[in-house]
Structures are given as C-alpha cells and as structure tokens.
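**Q** Build the 3D model from these lines:
(one chain, ligands or ions: 2)
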Amino acid sequence: MQYIAEGMLQGHMTYGRAGDADMLPQVVNTMPTVPLLTNGQMVDDIPPEHHALVPSFLGGGGKRIHPLPFSDPALPVQPRSMDPSKDLAAYGYGSVAWKERMENWKQKQEKLQVMNENGGKDWDNDGDGPDLPLMDEARQPLSRKLPVPSSQINPYRMIIIIRLVVLGFFFHYRVMHPVNDAYALWLVSVICEIWFAISWILDQFPKWLPVDRETYLDRLSLRYDKEGQPSQLSSVDIFVSTVDPLKEPPLVTANTVLSILAVDYPVDKVSCYVSDDGAAMLTFEALSETSEFARKWVPFCKKFNIEPRAPEFYFAQKIDYLQDKVLTSFIKERRAMKREYEEFKVRINALVAKAQKVPEEGWTMQDGTPWPGNNVRDHPGMIQVFLGQSGGHDTEGNELPRLVYASREKRPGFNHHKKAGAMNALVRVSAVLTNAPYLLNLDCDHYFNNSKALKEAMCFMMDPLLGKKVCYVQFPQRFDGIDRHDRYANRNIVFFDINMKGLDGIQGPIYVGTGCVFRRQAFYGNDAPKTKKPPTRTCNCWPNWCCCGCCFSGRKKKKTTKSKSEKKQKFRRLDSGAPVFALEGIEEGIEGIESEKSTMLSEKKLEKKFGQSPVFVASTLLEDGGTLKIASPASLLKEAIHVISCGYEDKTDWGKEVGWIYGSVTEDILTGFKMHCHGWRSIYCIPDRPAFKGSAPINLSDRLHQVLRWALGSVEIFLSRHCPLWYGYGGGLKWLERLSYINATVYPWTSIPLVAYCTLPAVCLLTGKFITPELSNVASLWFLSLFICIFATSILEMRWSGVGIDDWWRNEQFWVIGGVSAHLFAVVQGLLKVLAGIDTNFTVTSKAGDDEDFSELYAFKWTTLLIPPTTLLIINLIGVVAGVSNAINNGYESWGPLFGKLFFAFWVIVHLYPFLKGLLGRQNRTPTIIIVWSILLASIFSLLWVRVDPFLAKSDGPVLEECGLDCH
Ligand SMILES: O=c1ccn([C@@H]2O[C@H](COP(=O)(O)OP(=O)(O)O[C@H]3O[C@H](CO)[C@@H](O)[C@H](O)[C@H]3O)[C@@H](O)[C@H]2O)c(=O)[nH]1
Ligand SMILES: [Mn+2]
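**A** Ligands and ions are numbered 1, 2, ... in the order given. Below is the predicted model of the structure:
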C-alpha cells in the first residue's frame, strides 16, 4: 500500500515539467509556487503577506505550475464600479454624445416597456415595436421570440378543445353505464380513466402557447464585446458537481472542465468551480493534471476554433482531411494534440488505477501528511485554486480562466443535502472569491458542446430591456452514446422539445439540474423586479447597509398607502437603472418600525438569512458582482473555508429560501419552482448546435433507478409544504405554470391507476368479462372519436414541435414502463419517508467511461423494480393465450367480444415491449430469479381470479368454464 501512495507521488514528480518555468517568467512569487490546498487549520497559518506559505501535499517545488490565485496586486477580481456613468460606459461607447443618445434610448425603452405592461402583455413581447426599426444594429434586441406558426398551432388547439368535449361525453357514457355482471371491473376502470384524463389535462394545457427563440450573437458582440475594446460581458462562475470518482470517471469530469476552460468567452470573466462531494484525492489529482493539460488544449481550441472543446468528443469525430479548407498546419497540430491527449489519458488512467486500492492508513500526500479527505464522511473543507490570473497562463502566454477545487466540510450528524448542499457551498465560495453576477451549473458529465453557449445565455440575461426579470436560461439536455433506437427514452425528446417549449411561452421552462445559467440574485430569495421606475437615489456607498436604510426612508416618506406586494419591498438597493430588488424575508416582523432602526436590523436580518459571513453577506448586495479589493487573498480564502463549513447553514435560510432548495432528491424542480413563485421568468434556449451534452444510463436497470430517483423526488415535493397544489399563491406564479409543476410532482401517483389498468385486460381475458357493457352505436361513436382525438393531438403536436414519431412512441412506451415500475416504487418509498422518516439517498447514475459498443445497453442488473412489469407482461400474455384458446373452443360468435379485450391486452404488451427486450438482454437469457418470481406472482394472480373472481356476479355458472384456463 505504501507502494501505491508512493506511486502516486512518483506520478507527480515525473510530470513536473522543467520547461514551464521559462514559459511563465511572470510568476513573481518568491515562495515555491505550489498548489494551494487549504483546509480550516492550514489557512489559519497564512501570514497575510505570505499566503504562498500554505503547505501543499504535492511537496515544494514538484510543480512550478500552480501560481497562487490571489497573489498579484492586479487582482483577478475587481469590484464593479457603482458609478452610473461607468455603467453607461458598459455599452462600449465613451463619448458624451453617445451617452446622451443612450440615455434617450433607454428612456424610450422604459416607456415602451411600461406601455407594454399596462397593456397587460408579457414583458418579452419583444421591443421591436413600430417606432424601433430605426435603431442601428447594436441597439436591436439580442433575441427574438418566434411563436409557432398559427397554421400549425391553431388546429392543435382546436383539437385539444374537441378532445376535451369528447372526453366529457365519453365519461358521461362511462359513468351512466355500469357493467352489471362485472361491477368492480367497471368501477376500477372508470376511476383509472378519470385519473388519466386529469393527468392529461395537467400535461396538455401548459403546452398551449409554445415558443421558439432566436438569439443574435453578433449584436451581443457589437454591444458588449467590441474588438479592440475591453469586453463588457458579464462574468460567469461555472459550477461542476461530482461525488463518486468510480461512478463518475475522472476522465469524464476532466473533459467537462477542459471544455469549460476553453469556452469562447473572455477568460478573465470565467471561473470554474469543481465541487467534490466525495473528497477524493483522485479527483483532486486528476484536476491538477487537467489544469496542466489545459495549458496546451485551450490555445489549440481557440486557435483553430474547434468544436466541441472536450477532447474526448472532439477526437472521436471524423474530420475530412481532403477538404481544401483544412490547413496543413492544422493537421499537424491536431495530430500532435491528439498525441498529447492520449498521454494525458494515460496519466489519468494511471491515477485511476492507483486509486483502486486504498492504502490501509489512507492516502498520504507528498509531504507525508494524510490527505484531509480520507474519511469521506468526516473531513474538513478543502479549497485549491489551480490556474488563475497571476499564473494560469497557457503555452502561448495567454491567461486562463480560474479553476477552483472545493470539497465542503463533512461531519457526522450533519445533513449535507446532497447535490443541493454542494451547490450552495459553491454559491458561497464563488461569492467570496469571484462573485460573478451569473452562474452556470453543470453535472460532471455535461460538457460544453457549443463553446458559444455562454454568449447565447447572455443574449437574454444582458438584454437591458428583457433580461432583468430572467432568473435563469435553461438549455435542453442532450446526450451522447445513446443507442440508435433510444430504447429507454433516455433522450427525453418529448419533454425537451415539446413540454419545455410550451412552458417557455408561459413563465419559462422548469430547471432540470444542469446546463442552466442563473442570475445570482435569483438565488438570494429575492422577488423578481416588478415595474421599472427611474431610480430615485443612487448608491456609491460601500458597504450597503446605509444605502438600504436611506432608500428605505426615501420611499417610506413618499408613499403612505401601499399594496400588499409593495410592502414587501421595503429594503431596496437602487443603482443606475438597475432593477429594484426586494430583500424578501426581511420585512417579517418589522412592519411598523421606522427607518432609523432598520439599518442595524437589516444587518442582523441579513446575517440570519445568509449566515455569519460579512464578506458573503456584503457580496449579496452587489447586483453586478465583483468582490472587495481591500480584502487580502489569504483572508478571502479563509472566509471561503468558513462558508463551506458544516455548521454554516444552521439557523439560516439556506435551502429554505436561499440557494438550491432542500427537501427533495430532485432539487432542481424545487429550486426552479421557488424562483417562479417569486415572480421570475426563465428562458428556454435551444441553439442549433446543442449547448451541452451529457451521458445517460443506457441499460434498463440503471435507467429505471434514475427514473425512480426523479419520481421519488417528485413525491417528496408533493408531500412537502412546497406542494405546488397549495404553495405560493399570491406570488408571481402563473396558473398554467403551476399546472405544469403540479404535473411534475403528481405524475408518480399515476402509477397506481396505471398498474390497475394494465392488469385489467388480463383479468378481462381470464374471466370473459369486460370493462364496458356491450356498446351501442352511439357509444361506439364516442369511443371512436376519443381515439381519433388522441391520435390527432399527437400528430399535430409532432408537427409543430418537429419531434419524430419514433421518439414520440418511445416516450409513450417508457411512460408505461417507468409508470408500472419506478414510479410505483417511488410512491411507496416516498410514503415511507413521510410516514416513517426513512431518508432517501441519492444514487448517482454511472457515467460511461470511454468504453464503447453499447455493452452497457445489454448489461443486466437484477433489481426489484423489474418485478411488476414482468408480472404484468406474463399475466397479459397468459390472458391472450387463454382468451384465444377459449374463443377457438367456443366458435365464431365469441370472437367479436374478444376483439376488444385482445386490443386492450396488446396495448399493454406493446407498451412493455422495450422492457421485454431489455429483460431478455443480448443473450436472450433472463435470470432465473425474475422468471421464478414473475411466474409465481402471475400464477397466484391467475389462481386468485379463478377461485375468488371478484369481478363476476355470484350467480354466474361454474367459474372454471368461463376462465378459459381449463379448456375442454
Ligand atoms: O451528493 C451528491 C449527489 C450527486 N451530486 C451530483 O449530482 C449530479 C447529478 O447526478 P446524476 O447521477 O448524473 O443524476 P441524473 O439523474 O443524471 O441527473 C439529473 O437529475 C438530477 C436530479 O435528480 C439533477 O440534479 C441533475 O442535474 C440532472 O442531470 C452529478 O454531477 C453528481 O456528481 C453531488 O454533487 N452530490
Ligand atoms: Mn447525469
């Protein structure tokens, strides 16, 4: 084991490079420039002027490549000026005349917006109104909303209404015509059908107003990113979450990080924070390697403008060398880079191999001290800054984005709140270190497939007219490495291309956990800005307690009668033309207190809300981001360690009102929901080239477990105080948006009627009874019209969305498969959690490494989740056999009634077909345990029907003759 630890050490020594020292003459530290790993105790030792003294486990001098982050007097992070005139300069034109024109234009825009709002319209009825076409290119809107053509959407809406009406008649018939000799059968089926109808309504109506969007990146650069001038684009802090290096291979994370570092955005405005919830030395070492490789990779990407900028996926694509455009220099450099990447991979894989067996005494760092994260459940917080301004230069001498490793403190007895907790820790660390006004969060497997994705998001966020109300810009999740037929509907196309577009027309897409650019302020529990008013007072002061106070008193004097919502906005921070943020939560309990006291009070309240970190609390008041210049790097790092400590969130609003919201394993839905309740709107952005790509579990068991976790999260929300049925009335949540959140949280419950409904055809076939009485002509008309309507809505939906029939059908199938397995278990587990307090854990989905050929697709893992669908399949198959053989025996007349039942049974079997394929696997072998269990359950059920037969009237003849099992 000592050998392994030393091997690790060796690894580092060998790739320490001599050349780097010459490459980076500008590294001015006199202290050995080694990685700076800090945890609580270490940071205490930093003399403020010699922060480079921080001991590193990589040993002195081994690496000369990680200059310290905050050692340069030209600080990487600079506070944004609060001076309004400076803000104007943000438009990139300095002259006075320009300023005036700009001011005029802004006023005009504001007027226009007020007009729009008075007209009761949504803010994003784009500003290209009648008097605006005169504007020049740079002042035109950065994006445009494209409604679906009315020729496509109107027939769709019409058929929805018709379907609703037909449904009414259908239920009228169903309820009024019970089946006398199989009352229970009829009752169960009608209840199920009513539930299905309700869930259809929940799913359907949020799709009433789908929109597409178009962005204008060229206008964005004209406005904020003119060549030859310092870029005025806003900074972005990018979060990557990882937890288990075995399930989430370091190479996958490395590719994500590389794609971030190479993103097409001003380097000084990008910082990448990696959260390691597994406190794994492997992740840390891999990241260190990655930061090294980035020095070569990033300039290569930028020089040749390649896509995607994750090397694994870039080199996996074929390029056509015969194309005349391909430069010989490019071919040469590409080949060299490919070799470099292969070497990089070898190094990463060597680290992984070494990490397989943990030495008995745990991992040891190079200086002999144990790795602080040896006990995953009990370790201090750790922060390491790789790259960064004063030394993070690439091989061409250009700056690189900051790269920060953070592993929050873990102690037994604390609830860590899984991914949500990890994200909140990063929100605070990044606020202390860089405080960019925007955040992007990515799962460790979701890399930038489109290096312009950040700019796409900025087309919405930085639009002076449209952006202020936007809490986040969500990109669709797209995937690599999924089998061609997408057997288990991993790509979720229907959700991403139909439902989310629909929501975008209402209040915005729901947040799906990754690939989402946020406004930092939206995490601080603030309401969305309401109407825009000219600023009454400007703040240049720092810190802002006083500002809050004076703005507060200023407002208070002017207005005496206030609407309820306005009362909530007592504390305001105003600056040039910026929105007015209400610091919600502060107002409670101090309704009548006058302004003088409020300064002190607000300070207290803010600490109660955000926790005991003056630096963090102060940062929350900086809408435009930026950090304090006066703080020394060492003290900032110390503060960063403080804000990721276990107890930090105690008795604060973190996870309740602030940050990612706790209480559900699908923290994403909950977090987005809260923001929408605060009146924010979100944007769905689908660039032509998919912005991010990730991996998905492609074998049946992993997929079902993923779906189980999602459904469980929804059940948790449904049973919590945040249930969208009851929560957040009177806030800013629009009712159609609410409907879709209700849909997103109640859908697992549909599994109960679904299982019942899938059992019915088998019961019908075995008992010879049916869920309806014999149909009259009128009745059959209603049945038929309903089928036609269902068919027509689907067709029209596919037409406006561009979703193919195969994707649509997969989605239907998986709705049934997931419904009768994962969703059902989720409901049970969710109830257990609420009733018995058994906590649920976050089972991380394994991400495919670099092994291909879909071996995973056929991998079979036994899981209890497989039992219900297998049972349903078997009893329906038995039913079909029984029914048919019965009809053969009973002659011609019995085929008529049989048809309905067979159709019903086929409906179930066809939906479960991908499941059946997954069950059989590649070798066409199903583990005996499944067969045994399922046959057991199926025969128990069949026998039960034969013996008890609750759906048959008691007066009926001998059961055996009817069941069809005992064919004479
Ligand atoms: O304690 C934890 C558990 C998970 N994660 C991270 O959470 C992410 C998502 O996990 P994954 O297993 O890939 O879940 P998926 O089902 O693929 O993820 C979808 O669903 C999740 C909600 O269940 C969202 O959080 C994800 O963003 C979304 O992609 C990964 O980066 C993990 O590293 C942590 O950081 N800490
Ligand atoms: Mn994932």
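**Q** Give me every residue in the chain that's in contact range of ligand 1.
**A** 241-243, 248, 275, 277, 418-419, 422, 443-444, 513-514, 665-666, 668, 706, 709-710, 713, 842, 844-845 (CB under 6 Å from any ligand atom). (Each C-beta comes from the backbone N, C-alpha and C, glycine too.)
**Q** what number of residues lie near the residue of the stretch 701-850 of the chain found nearest ligand 2?
**A** Minimum separation of the stretch 701-850 of the chain from ligand 2 (CB to the ion) falls at residue 845, amounting to 4.9 Å. By the measure other CB atoms under 10 Å, the count of residues near residue 845 is 18.
**Q** Verify the stated contact: it with residue 697.
**A** Yes: Residue 845 lies in contact with residue 697 (CB atoms under 8 Å); the separation is 5.0 Å.
**Q** Quick check: neighbours shared by the two?
**A** Common contacts of residue 845 and residue 697 (CB atoms under 8 Å, 6 or more residues apart in numbering): 705, 706.
**Q** Report the closest residue of the stretch 51-200 of the chain relative to ligand 2.
**A** Counting by CB to the ion, the stretch 51-200 of the chain gets nearest ligand 2 through residue 199, at 26.0 Å.
**Q** Kindly list the single helix or strand of the protein that scores lowest on mean pLDDT.
**A** Ranked by mean pLDDT, DSSP states H and E, the weakest helix or strand in the chain is helix 2-15, scoring a mean of 27.
**Q** Closest to the centroid, which residue in the chain?
**A** By CA atoms, centre = their mean, the mean C-alpha position of the chain lies nearest to residue 513, the distance being 1.5 Å.
**Q** Assess the claim that that residue and residue 670 are in contact.
**A** No: in this structure, residue 513 is not within contact of residue 670 by CB under 8 Å, at 10.6 Å.
**Q** where do the strands sit along the chain?
**A** Assigned by DSSP state E, the strands in the chain fall at 36-38, 143-147, 211-215, 236-242, 270-276, 382-387, 402-407, 438-443, 447-448, 470-474, 478-480, 516-519, 681-684, 692-695.
**Q** Okay, now the sheet partners of the second one, with direction.
**A** Here strand 143-147 has these sheet partners by DSSP bridges: strand 211-215 (antiparallel).
**Q** Count the neighbours of the residue lying closest to residue 453 once chain neighbours are set aside for me.
**A** Closest residue in space to residue 453, ignoring its immediate chain neighbours: residue 691 at 3.8 Å, by CB to CB, 6 or more residues apart in numbering. The tally of other residues near residue 691 (other CB under 10 Å) stands at 27.
**Q** Now stretch 656-674 - C-alpha only, CSV.
**A** Only the C-alpha atoms of stretch 656-674 are listed here, as CSV (Å, rounded to 0.1, in the frame of the first residue of the first chain):
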residue,chain,number,x,y,z
LYS,A,656,-35.3,27.2,2.6
GLU,A,657,-35.4,30.5,0.9
VAL,A,658,-31.9,30.9,-0.4
GLY,A,659,-29.9,28.9,-2.9
TRP,A,660,-30.8,25.5,-4.1
ILE,A,661,-33.8,24.3,-2.1
TYR,A,662,-33.5,21.3,0.2
GLY,A,663,-36.1,18.6,0.8
SER,A,664,-36.1,16.6,-2.4
VAL,A,665,-33.7,14.5,-4.3
THR,A,666,-34.8,16.3,-7.4
GLU,A,667,-33.6,19.6,-6.0
ASP,A,668,-33.9,21.1,-9.5
ILE,A,669,-37.7,21.2,-9.8
LEU,A,670,-38.0,22.6,-6.3
THR,A,671,-35.4,25.3,-6.9
GLY,A,672,-36.9,26.5,-10.1
PHE,A,673,-40.3,26.3,-8.6
LYS,A,674,-39.4,28.7,-5.8
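**Q** ok, now how distant is residue 673 from ligand 1?
**A** 14 Å (CB to the nearest ligand atom, to the nearest Å).
**Q** what do you get for residue 684?
**A** If you go by CB to the nearest ligand atom, the gap between residue 684 and ligand 1 works out to 16 Å.
**Q** Contact partners for that residue?
**A** Counting by CB under 8 Å, 6+ apart, residue 684 has contacts 213, 473, 474, 476, 500, 501, 503, 504, 508, 509.
**Q** Any idea what the closest residue to ligand 1 within the stretch 101-250 of the chain is bridged to?
**A** Closest residue of the stretch 101-250 of the chain to ligand 1, CB to the nearest ligand atom: residue 241 (3.4 Å). Residue 241 has these beta-bridge partners by DSSP bridges: residue 275, residue 443.
**Q** For it, give me its contacts.
**A** Residue 241 makes contact with 275, 277, 419, 422, 423, 426, 441, 442, 443, 444 under the criterion CB under 8 Å, 6+ apart.
**Q** contacting residues for the fifth one?
**A** With contacts taken as CB under 8 Å, 6+ apart, residue 423 has the following neighbours: 239, 241, 275, 441, 659, 660, 667.
**Q** same deal with the third one?
**A** For residue 419, the contacting residues are 241, 243, 277, 513, 660, 667, 842, by CB under 8 Å, 6+ apart.
**Q** can I get those in TSV with pLDDT and distance to residue 156?
**A** Compiled in TSV, the contacts of residue 419 are given as follows (pLDDT from 0 to 100; distance: CB to CB, whole Å):
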residue	pLDDT	distance to residue 156
241	94	38
243	92	42
277	91	44
513	93	29
660	95	36
667	91	33
842	70	38
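**Q** Of the residues you listed, just the buried ones, PyMOL syntax please.
**A** Command for PyMOL, covering only those of the contacts of residue 419 found buried under the criterion 16 or more other CB atoms under 10 Å:
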select buried, resi 241+243+277+513+660+667+842
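**Q** so of the contacts of residue 684, which ones are in helices?
**A** Here DSSP state H is the test, and the contacts of residue 684 give 500, 501, 503, 504 as lying in helices.
**Q** now, which of those sits nearest residue 802?
**A** Closest to residue 802 out of the ones in helices among the contacts of residue 684 is residue 501 (9.9 Å), distances taken as CB to CB.
**Q** For that closest one, the count of nearby residues, please.
**A** Neighbour tally, residue 501, other CB under 10 Å: 23.
**Q** my guess is it contacts residue 209, does it?
**A** No: assessed by CB under 8 Å, residue 501 is found out of contact with residue 209, at 9.5 Å.
**Q** ok, back up a step: for the ones in helices among the contacts of residue 684, give me a markdown table that also has distance to residue 801 and pLDDT.
**A** Listed next are the ones in helices among the contacts of residue 684 as a markdown table, based on distance: CB to CB, whole Å; pLDDT from 0 to 100:
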| residue | distance to residue 801 | pLDDT |
| --- | --- | --- |
| 500 | 10 | 95 |
| 501 | 7 | 94 |
| 503 | 13 | 95 |
| 504 | 12 | 94 |
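**Q** still on that earlier bit, and the residue nearest to the centre of the chain, how far from residue 664?
**A** Here residue 513 is placed at a distance of 11 Å from residue 664 (CB to CB, to the nearest Å).
**Q** again with residue 906
**A** The gap separating residue 906 from residue 664 is 37 Å, by CB to CB.
**Q** Which one's more surrounded, the two?
**A** When residue 906 and residue 664 are compared for neighbours, residue 664 comes out ahead with 27 against 13, by other CB under 10 Å.
**Q** about what we covered before: which one of the contacts of residue 423 is nearest to ligand 2?
**A** Top of the list for closeness to ligand 2, among the contacts of residue 423 and by CB to the ion, is residue 241 at 10.1 Å.
**Q** picking that back up, for the contacts of residue 684, which entry has the maximal number of neighbours?
**A** That'd be residue 473 among the contacts of residue 684, by other CB under 10 Å, with 31 neighbours.
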